[in-house]
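[1] I would like the atomic coordinates for the input below:
(3 chains)
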Amino acid sequence: MRRTAYILLSNPLSVIGLLLVGAVFLCAAFAGVISPHPDHAGAVINFAFANQPPSLDYLLGTDVVGRDILTRIIYAYRVALGMALVVLLIAPPIGVTVGLIAGYIGGFVDFALMRITDIFLSIPPLVLALAIMGLLEPTLINAMLAVTAMWWPWYARLVYNITRGEKVEGYVLAAEVIGASKAHIMFREILPNCVPAIVTKMTLDFGFVILIASSLSFLGLGVQAPTPDLGSMVSEGTRYLPDSWWMTVFPGLAIVVAVFGFNLVGDVLRDVLEPD
Amino acid sequence: MTILRRLLWRLGASLIVLAGVSMLIFLIARIIPGDPARIALGPRATEDQVAQMREALNLDEPIVVQYALFMGDLVRGDLGISLYSNRPVMTDLAEYLPASLELVLLSGLMMVALGLPLGAISARYRGRWPDNLLRVITLLAVSAPAFVWAIGLVLVFAYILPLFPITGRLSDTMEIPRLTGFLLVDTLAAGRLDAFASALHHLILPAFALALSGIGQAARLTRSNMIATYDTPAVEMAQAYGFPEGRVARRYAFKPSLIPSLTIIGLDFAALLGNAFLVELIFAWPGLSRYGVGVILQKDLNAIVGTVLIISATFLIANIIVDILVSVLNPRIRLSEDGL
Amino acid sequence: MPTKKYMIMGTALLATAALAAPAAADRILRIDEVAVGEIDPAKATDYADTILAINLYDTLVYPNQGGSGVQPHLATEWAIDGSAYIFTLRDDVTFNSGNPLTAADVVYSFERMMALGQGNSSLFDGVVDSVEATGDNTVVFNLSSPFAPFLATLVRMPIVDMATVQANEVDGDWASSWMSQNSAGSGPYVIVSHDPQTETVLAYEPDYFLEPVDGYPETVRMSYGLEPATVRALMGRGEHDISSQWMPPEVYAGLAEDGATLVTEAGLTGEYFKLNTQRPPLDDVHCRRALAYAFDYATMAQLTQINDDTSTGVPMSGAIPMGMVGFDPDLPVFAQDMALAQAELEQCAYDPAENPLDVVFIAETPARERGALMMQAIYSQLGFDVEITRTPWALLTEQVTAPPTAPHVVEIAIGAASPDTDSLLYAMYHSSQPPTWISSSYYANPELDALLDQGRVETDPSARQEIYAKANAILAEAVPDIFAYELQSPFAVREGVTYHNLADPSRTYPTAGFNMRFADVSVPESE
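    As a prediction, this is how the structure comes out:
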């Protein structure tokens, strides 16, 4: 643990990453304090100041109803992080369980579970999410469900592959010899060996969930107005290109900054946790 | 396991997956709210007309019966009529799939052609400034969704500096007889170099936008795989013999690391078709993805199922090809029986 | 144009591009619409389909240029005998195939449309008993009962070439699949190629029976689904001629600054905020009136303002758009009055604090979020908690079929299907209508029903004016909808191109879409 922290802090790239991630988390946590116009996160209309280019009053300009874009980006981080947290709380346990069972038990269970996984993997993620979103009311919770539905198979694959390698290792065979239960072997013996890979993937996924969620809301699915959301800000802004470029460019950059931060950290973390 | 047996095994497993996909998407498409007949006929249609169309579409049958009827038609190569375009779904797919595939293929090419060398350079100069610079750049490339890249590229290279066309696949004034639907092929077949140039010109920007994150991914993979091989005895030996660094990099580090990189790149490549969605929307690219969004919003059941099946099938086929290619290139790779 | 695009490129491409210079594709008109374009006139429903139908096909009558009602088109004259309509056809019209257009084609066209049961066929459903050709050039429609709007409705029945259609029939499909790729009409244009989600290309047909304007386009390219930013850039490059009407106001303003001309089409279309009269608290007329009085018409007008000269909306004085039967130019337009709103609210049986309102705007038209936000801001002053939902179209069409749970407020534009008031009011407010988005206020009032039924039977114009004026007054009192503004659909026209029918009010046809007759647009020779 201490070694991991040391490496993260001594690598300039991960330090930058940590700073970016920290900034994003701070924005989300203290949006009300940091943002210049906290009321603009809601249903404020201010047509007199609509379509303003960046200025001292509105550092990143205003949108078509006159709301401060900087404020809305800060609040949108809250939604984005919330989404990523929820998805990464739900998807990995499902995927890990499926992967462990399929990998360890083998045989028909393996075949059936992994084909189901393949089905989810071979439907294009956006199509799957669109279909699920079409099925349900387009709310944030349902967007989270949709993203979760397309996310767990990746964890299933990852853990499955590790488990298949681990199950012939000495310590597993030893546990079997002394008659440990299957559940014990899977969750107590094999799972700990999967943890580094899972943690690394989760760090990297933090960014990717934000990407996918923004793609969904780019299509109009997900967070509801007037709650700010990065993907829908970009999508709404594209209608006003190239004149009102700030409506698209800054929310787009905001996505890149957040995801870049998580990727930097995840990258270094991977080198530390999986040094193969 | 021989390659042939493996191929058969993979085909069989893929068919099972496809059958599962068809069931899943068939079910999902039918529980999406909205009466397809009412949406297609519009609000002024009478209840009788709606009922008539529901009957014609078998919408009042139990879902199992609907599925059986659908599969029966599918076996005969008929995916039904699209309510969105009023044409057979097969006609639509035949028209739009090549446009998407052409885009995806060029993107895939860019991924390999740019990603591998960048990764190799990074590994070669590991820890020094070219490596650090490239790492940051490639990581940035992965950190933005394709639609952000697409918008950025359009903004800079189409609006501000009008270097590239904004929409379509070919200059308005050119008519090319349709053979394959792949314009790069059709234009050459027609002996029209000017049209080929125009088609390529239209392709570059969307393909690059779609490829960017793949390029980054490929470069990062190549780098880490090459670094891993740098640490093997063969490379250390070569370095000890004092071989020139360039030769060590090319011969001893790059080549062996190629195969694992290619495997993952192959998978990424197969995923491109799904990711092309938003890029196609932004470039008004007349491909499958635009069609897909249109049919989902219209709740066009036949077309939704048809589109998803064709994308999934393409994905599975691409996977099999990659898999077979890799095992042909390097028979020593342990052939595991598991799926994708 | 196409060569210009290549100028800045590398020399290799430049060299090949020079070869690409076309053999001067003379005069071309490039427009755009939302996907998808349907060219089978029996399946036409939306604006894009209307444009295609009127350019590929002709109808017996056409909306009256510069006025209201209809004017002769294929039919030179008609007589009404009770519920029989007897039309005399022009004898000089031939289809693009060379076949003469006769009464038999009219009968066939009607039968085909009704048999397919799609598109505009519902407008005639239950109205027509039989159609017969009583001569080469006379055709009789026998109505099942008197139906005054019948003539106006005929603008939605394009005539197809029976011989050509029948030759392409497969398994009794009325040539349904062939007609989705080809045209078989008498119109001024024919299909060159058609891809319903990408582009339709049409070519002028020199034998057309009406004269085109000077500089009419020989080729027309109609693209589908272009982003506003794309249209903006294409027009800047001189690669696009007339925009669609679906872009946000800011984009038109930008185009106008760059030299484009803005024209608007008063297409008998209202922008309505449909109020759910079946769901508390809006089942109480006082609550509905409170919302209508509080509505900020001035801000709404400001939102529709493109620039000093052009606006996409004019205030309404009732449910009926300008120029239609029953419209009264002397009525005052609606205006915000918070005091009256408060007074009405006090008479309402429901407490706003306990009755949140759920306001929906259509996800596919994000510009409408502004109207929803405005409602949220204003109605919170009345004490209502307003929740906004961005709902995809497919989901909304489902929600509105269940009045008890359908949204409280939906903002939607509804246009008249024909130049007759009946086609608008009956579909929106007659209690016999099934619950759809058009009828989504679910208003039921026997007195109004009686008037609307009467309007269908009465043929005397002044009596009809009175009937619909009464209906209008009832609607203004009962507030089933907030009548936000009458849509003036904007179009940006590139410098050098003239959209005569909209540029000159005396040439305007009074129904949405019917102005875009390509042969009435002047375009410059291509460079």
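
[2] What part of the chain, helix or strand, is modelled with the least confidence?
    Unless you meant another one, I'm taking chain A. For chain A, using mean pLDDT, DSSP states H and E, the weakest element among its helices and strands is helix A:125-135, scoring a mean of 67.

[3] Now do the helix or strand just after that one, average pLDDT.
    Sequence-wise, the next helix or strand downstream of helix A:125-135 (DSSP states H and E) is helix A:140-166. Averaging pLDDT along helix A:140-166 yields 85.

[4] is helix A:140-166 up against chain C anywhere?
    No: shown here: helix A:140-166 not in contact with chain C (Cβ under 8 Å from any Cβ of the partner chain), separated by at least 11.4 Å. Backbone N, C-alpha and C define where each C-beta goes, glycine included.

[5] So what touches the very next helix or strand once past that helix?
    Sequence order places helix A:170-177 as the next helix or strand after helix A:140-166, per DSSP H and E. Here helix A:170-177 makes contact (Cβ atoms under 8 Å, 6 or more residues apart in numbering or on different chains) with A:Glu166, A:His184, A:Ile185, A:Glu189, A:Ile190.

[6] For the residues you listed, which single residue is the most surrounded?
    The residue in the contacts of helix A:170-177 with the most neighbours, by other Cβ atoms under 10 Å in any protein chain shown, is A:Ile190 (24 neighbours).

[7] The closest residue to it other than its chain neighbours and chain C, how far apart?
    Of all residues not flanking A:Ile190 in the chain, A:Glu166 sits nearest, at 5.0 Å (Cβ to Cβ, 6 or more residues apart in numbering or on different chains). Going from A:Glu166 to chain C by Cβ to the nearest Cβ, to the nearest Å gives 45 Å.

[8] residue contacts, A:Glu166?
    Counting by Cβ under 8 Å, 6+ apart, A:Glu166 makes contact with A:Val172, A:Ile190, A:Asn193, A:Cys194.

[9] is it true that the second one touches A:Thr163?
    Spelled out, it's A:Ile190. Yes: the pair A:Ile190 / A:Thr163 is scored as a contact, 5.5 Å apart, by Cβ atoms under 8 Å.

[10] looking at chain C, which helix or strand is least sure?
    Among the helices and strands of chain C, helix C:2-6 carries the lowest confidence by mean pLDDT, DSSP H and E, at a mean of 35.

[11] about what we covered before: of the contacts of A:Glu166, keep whichever come out buried.
    With burial judged by 16 or more other Cβ atoms under 10 Å in any protein chain shown, the buried subset of the contacts of A:Glu166 is A:Val172, A:Ile190, A:Cys194.

[12] Name the spans of the chain whose pLDDT lies under the cut-off.
    Picking chain A for this. Within chain A, the ranges that satisfy pLDDT under 70 run A:1, A:127, A:130-138, A:220-221, A:224-225, A:274-276.

[13] try chain C instead
    For chain C, the ranges with pLDDT under 70 are C:1-25, C:394, C:527.

[14] State the next helix or strand along the chain beyond the lengthiest helix in it.
    Longest helix in chain C, counting residues (DSSP state H): helix C:461-478. Following helix C:461-478 in sequence order, the next helix or strand is strand C:481-493 (DSSP H and E).

[15] That next one near chain A at all?
    No: with Cβ under 8 Å from any Cβ as the criterion, chain A is not reached by strand C:481-493; the gap is at least 13.7 Å.

[16] list the buried ones in that strand?
    So, applying 16+ other Cβ under 10 Å, buried residues of strand C:481-493: C:481-493.

[17] Using a markdown table, please lay out these together with distance to chain B.
    What follows is the buried residues of strand C:481-493, written out as a markdown table (distance: Cβ to the nearest Cβ, whole Å):
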| residue | distance to chain B |
| --- | --- |
| C:Asp481 | 15 |
| C:Ile482 | 19 |
| C:Phe483 | 19 |
| C:Ala484 | 19 |
| C:Tyr485 | 21 |
| C:Glu486 | 20 |
| C:Leu487 | 17 |
| C:Gln488 | 23 |
| C:Ser489 | 19 |
| C:Pro490 | 21 |
| C:Phe491 | 19 |
| C:Ala492 | 16 |
| C:Val493 | 19 |
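
[18] before we move on, back to that, from the rest of the structure, what touches the longest helix of chain C?
    Residues from elsewhere that reach helix C:461-478, judged by Cβ under 8 Å, 6+ apart: C:148, C:285, C:288, C:317-320, C:324-328, C:331, C:421, C:425, C:429, C:443, C:445, C:447-448, C:451-452, C:454-455, C:458, C:481, C:483.

[19] Now with 6 Å, please.
    Residues outside helix C:461-478 that contact it (Cβ atoms under 6 Å, 6 or more residues apart in numbering or on different chains): C:Gly318, C:Ala319, C:Ile320, C:Val325, C:Gly326, C:Asp328, C:Thr421, C:Leu448, C:Leu451, C:Gln454, C:Gly455, C:Glu458.

[20] quick one: which of the buried residues of strand C:481-493 is nearest chain A?
    Distance to chain A across the buried residues of strand C:481-493 (Cβ to the nearest Cβ) is lowest for C:Ala492, with 13.7 Å.

[21] Beta-bridge partners for that closest one, please?
    Bridge pairing for C:Ala492 (DSSP bridges) gives the partners C:Leu262.

[22] I figured it hits C:Ala260, correct?
    Yes: look at C:Ala492 against C:Ala260 with Cβ atoms under 6 Å: they come within range, at 4.4 Å.

[23] Same list (the buried ones among the contacts of A:Glu166) but as TSV, adding distance to B:Ala99.
    As requested, the buried ones among the contacts of A:Glu166 are arranged in TSV below (distance: Cβ to Cβ, whole Å):
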residue	distance to B:Ala99
A:Val172	50
A:Ile190	46
A:Cys194	42
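
[24] who in the stretch 351-500 of chain C is up against chain B?
    Contact residues (Cβ under 6 Å from any Cβ of the partner chain) of the stretch 351-500 of chain C with chain B: C:Ala394, C:Leu395, C:Thr397, C:Glu398, C:Ala427, C:Pro434, C:Thr436, C:Trp437, C:Ile438.

[25] Swap in 10 Å and give it another go.
    C:363-364, C:392-401, C:414, C:417, C:423, C:426-428, C:433-440 (Cβ under 10 Å from any Cβ of the partner chain).

[26] so of those residues, which ones are in strands?
    Counting by DSSP state E, these place C:Ile414 in strands.

[27] Any quick ChimeraX command for the buried ones out of the residues of the stretch 351-500 of chain C next to chain B?
    Here is the ChimeraX selection string for the buried members of these, based on 16+ other Cβ under 10 Å:
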select /C:363,364,392,393,394,395,396,397,398,399,400,401,414,417,423,426,427,428,433,436,437,438,439,440
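
[28] Also within reach of chain A: list those from the residues of the stretch 351-500 of chain C next to chain B.
    C:Ala363, C:Glu364, C:Pro392, C:Ala394, C:Leu395, C:Gln399.
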